[in-house]
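A.B. asks: structure, please.
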Amino acid sequence: MSETKIFGIRHHGPGSAHSLLAALDEFQPDCILIEGPPEGNTLMPLVTDPGMVPPVALLVYAQDNPRQACYYPFAEFSPEWQAMKFAVNNGITCRFIDLPQSHWLALNDAKAKKQTAIGTIAPVSAPDFEQRPGDPLNTPDPDVDLKFEVRPALDTIIIGDSESNSNENTAESDAYQTISEEAQELARLAKEKAAYNEKIKRDPIGCLAEIAGFSDGERWWEQIVEQRTQRLPAHKFESPSTFLVFDAIAEAMQVLRLELAKDEDPDAREKTAKLEISDDGTERIIYDEDDLIEPMREAYMRQCLRSASKEFSRVAVVCGAWHAPALSQLPPAKDDNALLKGLPKQKVEATFIPWTHGRLSFSSGYGAGVESPGWYHHIFANRENPVLTWLVKVAQLLRAEDLDASSAQVIDTLRLVEAVSSMRELAHPSLDELNDAIITVLCSGNNIPLGLIRKKLIVGETLGQVPENTPGTPLERDLAKLQSKLRMKPEATSKVLELDLRKPLDLNRSELLNRLLILNIDWAEKQYIRGKSGTFHENWDLEWYPELSIRLIEAGIWGRTIEQAAAAKAADVASSNNSLATLVDLLEKILEANLPDALNMVMARINSEAAVAGDVIELMKSVPTLARVVRYGNVRGTDVEAVKSIIDALVARIVIGLPSACQSLDDEAADSMQGLINEVNAALLLLSRQDHLSSYRELLSKLANNENLHGHVAGKATRLLFESRTLDDQAAARMMQWALSRAAEPLYAGKWLEGFLSGSALVLIHDSRLWQLLDGWLLNLDQDAFKELLPLLRRTFSTFTSPERRQIGERVRDTQALEGDIFTADVEEDLDLERIRPPLNMVRFLLGLPPLSENVELALAIQTGESS
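C.D. replies: Numbers count the residues shown, from 1 in each chain. Okay, the predicted model is just below:
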């Protein structure tokens with residue numbers, strides 16, 4: 001008969017990993033069974049490959065739907081990872097024994113389809129009223145007239161005698177109150193018990209920590225298990241203590257499982273079971289998957305354990321601590337076989353992918369994660385003196401960020417850590433003691449640097465690596481080859497990559513990143529550039545995260561290489577899309593990605609859609625993108641002659657159709673239209689085609705002189721004509737004079753002014769004639785019209801830059817049109833200028849401004865807000 005040892009560990013626990021290695025070294029098994037997906041058994045030899053650098057994850061995904069996947073992360077300090085390395089290095093058979101993901105994913109898929117079929121509305125259950133035999137409160141007398149009485153204070157329905165209720169005395173009321181309070185107390189206790197049972201299921205370690213007086217399970221486990229042997233040399237334990245920790249953990253979990261079993265209904269599963277009869281007449285009992293997933297997992301583990309016990313004489317089982325009691329005493333095999341009979345199954349694939357320490361943390365949503373993977377990696381790798389070496393790392397990080405961290409401060413921090421740990425009666429300092437001492441000494445009481453320490457060290461930014469011979473799709477291998485060739489190593493942290501497209505290497509990098517974006521693999525995001533020419537320079541923000549591996553697998557259906565896949569995906573999008581603007585955006589991406597195979601098809605689709613497109617707005621949205629394609633396509637060596645012919649056709653149709661499209665616009669539509677008019681104008685200026693510019697300016701002249709258009713559109717058309725010098729100063733002044741005349745409605749004038757001035761105030765600052773027209777219009781507005789237009793004017797002026805607003809204020813102060821008694825009459829009715837001058841002059845003195853001496857200047861200052 002074979003000998004079996006069950007080692008209940010905590011996932012990603014460095015202390016568990018060290019204890020497990022010592023136990024395996026002593027036990028010398030000839031077979032190691034590990035909680036994990038059996039689909040990963042063939043990948044086990046890769047764990048000792050020099051190219052395999054944790055953290056990594058074992059990815060299992062459905063062949064027909066890669067989004068349906070499951071990750072099994074491993075860090076260097078994970079006990080399962082150390083067990084695999086121990087087995088491979090020593091030539092020991094090693095197997096995963098968890099429920100296969102082929103069953104698990106099939107169950108989840110069936111459940112999702114079932115929910116989709118019936119909807120997401122949960123059934124409403126009836127109130128739980130229990131009739132207790134012989135209870136006078138629940139057994140009414142048939143000869144008595146009954147009524148229902150609702151007592152809002154207790155929110156309970158009472159059945160009572162109408163005659164006796166009318167004469168209810170205080171004693172009966174007190175008795176009822178006592179019964180109600182007892183019932184409420186029992187309900188509260190039952191609720192607390194149910195919540196505690198749920199906590200045992202969800203966090204058994206936390207329950208043990210609560211009993212021991214710790215704030216959470218992380219701190220308790222770290223003190224009792226993780227740091228239990230940190231000061232002892234690796235693998236140097238006395239024989240009795242090697243298995244002691246695992247026996248104690250298994251015993252504690254057994255107690256929790258027994259406590260949980262006391263309150264469970266043994267027939268709960270049978271109550272929800274359903275009988276299913278297949279097409280061949282076979283009967284099978286179907287249970288609720290949510291109730292059976294854990295029992296099915298443990299049943300499969302026991303099956304694997306029975307099978308291994310027949311093959312090997314010494315079997316070691318490495319599993320989560322919660323499952324250890326379930327594997328210690330095996331029930332009859334027929335019970336487990338019945339539970340696993342007839343499980344659905346689907347085809348799956350498995351591979352290793354890079355992972356990050358950040359994704360091992362609780363904050364990432366990983367249920368089996370830890371709060372401080374970086375700290376755990378440190379104490380796993382530095383067993384001799386983890387505290388001092390940790391403080392050295394912290395000091396190095398602070399110095400790299402130009403923060404003070406001297407050697408004397410490190411020594412003082414170490415002394416404080418040891419003193420605090422002694423006061424708290426801890427065998428070893430935990431991360432809490434270290435953080436408290438770091439804040440006190442190294443950070444001088446400032447918590448802000450601790451956020452940096454938490455991100456860089458406590459959690460960490462390590463990204464793992466997998467060897468080149470790791471099974472994967474051809475697309476994954478092609479990307480890995482390109483990353484190596486172009487020297488673009490994936491990193492878990494954000495990194496800005498500056499590219500100069502005149503250099504072949506940078507041009508190839510840009511093409512790769514654009515191809516990945518077409519495949520929805522957003523490894524990088526293009527940034528806007530300021531201060532450099534957008535023609536030859538690109539900035540990309542790169543950050544790799546594990547989910548991109550799934551997207552890469554999904555993209556494998558489009559081709560075997562990145563170039564082939566991106567071209568096929570672009571062609572598919574083009575064939576299934578009828579929007580001209582979308583097709584033009586796709587064309588820009590194709591040219592930037594240098595995909596000649598897809599270019600011809602997309603160009604043909606654009607030609608066909610442009611020929612039938614009747615929406616002028618759609619045409620206008622396409623022009624700016626096509627202009628960029630023509631302007632910057634030559635930088636990439638792309639032939640853009642066909643694109644120029646498309647632009648010729650679009651501009652001609654816009655010139656014909658835009659006047660009618662600008663009729664009868666509301667405020668929102670007019671604002672959108674004036675933005676498109678401005679964008680098309682900028683695009684044509686970028687192309688520098690005189691024929692296009694001439695026809696477009698003729699169009700703008702028609703819009704500017706059309707009295708029936710919305711003020712936004714007419715004002716913007718006038719502004720563009722003025723900037724192009726098609727209108728001289730006198731002509732522009734005449735048009736503004738007409739738009740702001742008394743003949744025009746004040747609201748129209750305000751919207752015309754907003755369209756004319758939006759974007760830049762330079763035309764107003766440097767043209768005195770326009771300034772005087774605007775000034776005179778404002779002065780002639782009556783009080784009601786001014787109040788109506790004030791929000792509009794404020795919104796317009798808010799678009800100006802701070803220097804422009806300052807220049808406008810200075811010109812208001814210096815203008816000669818405001819001299820005389822323009823303001824004094826109104827101001828003197830409310831203010832005594834002689835009395836207000838001294839305090840204002842004192843404020844101006846403090847601000848370094850000259851004093852106010854004349855009433856006109858004072859009134860002007862008050863009106864313009866200069867002295868406020």
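A.B. asks: burial count for R509?
C.D. replies: 21 (other CB atoms under 10 Å). All C-beta atoms are positioned from the backbone trio N, CA, C, and that covers glycine.
A.B. asks: just checking, it touches M488?
C.D. replies: Yes. R509 is in contact with M488 according to CB atoms under 8 Å; the separation is 6.3 Å.
A.B. asks: between those two, which contacts overlap?
C.D. replies: L497 (CB atoms under 8 Å, 6 or more residues apart in numbering).
A.B. asks: ranges for the strands of the stretch 501-650 of the chain?
C.D. replies: All strands of the stretch 501-650 of the chain, identified by DSSP state E, counting those that start in this stretch, fall at 524-527, 537-542.
A.B. asks: now the chain
C.D. replies: Taking DSSP state E to define them, one finds strands in the chain at 3-9, 31-34, 56-62, 69-74, 93-96, 146-151, 156-161, 274-277, 283-286, 314-320, 348-354, 495-500, 524-527, 537-542.
A.B. asks: confidence score at L416?
C.D. replies: pLDDT for L416: 94.
A.B. asks: mind listing what it touches?
C.D. replies: Counted by CB under 8 Å, 6+ apart, L416 has contacts 437, 440-441.
A.B. asks: report the buried members of these.
C.D. replies: Neighbour-count burial (16 or more other CB atoms under 10 Å) applied to the contacts of L416 gives 437, 441.
A.B. asks: out of the contacts of L416, which comes closest to N447?
C.D. replies: T440 (10.9 Å; CB to CB).
A.B. asks: distance-wise, check the closest residue to the closest one other than its chain neighbours relative to Q396.
C.D. replies: The shortest distance from T440 to any non-neighbouring residue, by CB to CB, 6 or more residues apart in numbering, is to L416 (6.4 Å). According to CB to CB, to the nearest Å, L416 stands 19 Å off from Q396.
A.B. asks: and if you look at D572?
C.D. replies: In terms of CB to CB, D572 sits 51 Å off from Q396.
A.B. asks: and if you look at A110?
C.D. replies: Taken as CB to CB, the span from A110 to Q396 is 53 Å.
A.B. asks: just Q82 next, same as before
C.D. replies: 28 Å.
A.B. asks: these two: who's more crowded?
C.D. replies: Q82 (23 against 12).
A.B. asks: isn't that one right up against L21?
C.D. replies: Yes. In this structure, Q82 is within contact of L21 by CB under 8 Å, at 5.6 Å.
A.B. asks: which residues are in contact with M603?
C.D. replies: Contact analysis of M603 by CB under 8 Å, 6+ apart lists 587, 642-643, 646.
A.B. asks: got the strands of the stretch 501-650 of the chain as JSON lines, with distance to R837, mean neighbour count and mean pLDDT columns?
C.D. replies: Converted to JSON lines, the strands of the stretch 501-650 of the chain look like this (distance: least, CB to CB, whole Å; neighbours: other CB atoms under 10 Å; pLDDT from 0 to 100):
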{"stretch": "strand 524-527", "distance to R837": "54", "mean neighbour count": "16", "mean pLDDT": "88"}
{"stretch": "strand 537-542", "distance to R837": "55", "mean neighbour count": "17", "mean pLDDT": "89"}
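A.B. asks: now render these as a markdown table, adding distance to K5.
C.D. replies: Below are the strands of the stretch 501-650 of the chain laid out as a markdown table (distance: least, CB to CB, whole Å):
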| stretch | distance to K5 |
| --- | --- |
| strand 524-527 | 49 |
| strand 537-542 | 47 |
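A.B. asks: for R806, find the nearest of those.
C.D. replies: Evaluated over the strands of the stretch 501-650 of the chain, closeness to R806 peaks at strand 524-527, with 30.3 Å, by CB to CB.
A.B. asks: pull up the pairing partners for that closest one, direction included.
C.D. replies: Strands that pair with strand 524-527, judged by DSSP bridges, come out as strand 537-542 (antiparallel).
A.B. asks: ok, residues contacting the partner strand?
C.D. replies: Residues outside strand 537-542 that contact it (CB under 8 Å, 6+ apart) are 488, 490-491, 494-501, 506, 510, 513, 523-529.
A.B. asks: let's see it at 6 Å
C.D. replies: 494-499, 510, 513, 524-527, 529 (CB atoms under 6 Å, 6 or more residues apart in numbering).
A.B. asks: any idea how many residues pack against the nearest residue to Q101 once chain neighbours are set aside?
C.D. replies: Spatial nearest neighbour of Q101, chain neighbours left out: V60 (4.1 Å); criterion: CB to CB, 6+ apart. Neighbour count for V60, taken as other CB under 10 Å: 24.
A.B. asks: so which of the contacts of M603 are in helices?
C.D. replies: 587, 642-643, 646 (DSSP state H).
A.B. asks: among these, who's most crowded?
C.D. replies: Within these, most neighbours by other CB under 10 Å means L587, with 26 neighbours.
A.B. asks: correct me, but P29 touches V317?
C.D. replies: No. P29 is not in contact with V317 according to CB atoms under 6 Å; the separation is 9.2 Å.
A.B. asks: where does pLDDT dip in the stretch 51-200 of the chain?
C.D. replies: Residue ranges of the stretch 51-200 of the chain with pLDDT under 70: 113-200.
A.B. asks: pull the number of nearby residues for M296.
C.D. replies: Residues contacting M296 under the criterion other CB under 10 Å number 20.
A.B. asks: now do it, the pLDDT please.
C.D. replies: 90.
A.B. asks: for it, what are its contacts?
C.D. replies: 99, 339.
A.B. asks: in JSON lines: the contacts of M603, plus pLDDT and distance to W777.
C.D. replies: Converted to JSON lines, those look like this (pLDDT from 0 to 100; distance: CB to CB, whole Å):
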{"residue": "L587", "pLDDT": "86", "distance to W777": "46"}
{"residue": "A642", "pLDDT": "74", "distance to W777": "50"}
{"residue": "V643", "pLDDT": "80", "distance to W777": "45"}
{"residue": "I646", "pLDDT": "82", "distance to W777": "44"}
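A.B. asks: make JSON lines from those and add distance to R560 to it.
C.D. replies: Output for the contacts of M603, formatted as JSON lines (distance: CB to CB, whole Å):
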{"residue": "L587", "distance to R560": "25"}
{"residue": "A642", "distance to R560": "29"}
{"residue": "V643", "distance to R560": "30"}
{"residue": "I646", "distance to R560": "33"}
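A.B. asks: what's the closest of those to M620?
C.D. replies: M620 has its nearest neighbour among the contacts of M603 in I646, at 13.8 Å by CB to CB.
A.B. asks: distance of that closest one relative to L684?
C.D. replies: Counting by CB to CB - I646 and L684 are separated by 14 Å.
A.B. asks: what of S694?
C.D. replies: 10 Å.
A.B. asks: repeat that for Q68.
C.D. replies: Here the distance between Q68 and L684 works out to 49 Å (CB to CB).
A.B. asks: compare the two (neighbour count), which wins?
C.D. replies: Ranked by neighbour count (other CB under 10 Å), Q68 and L684 place L684 first, with 22 against 19.
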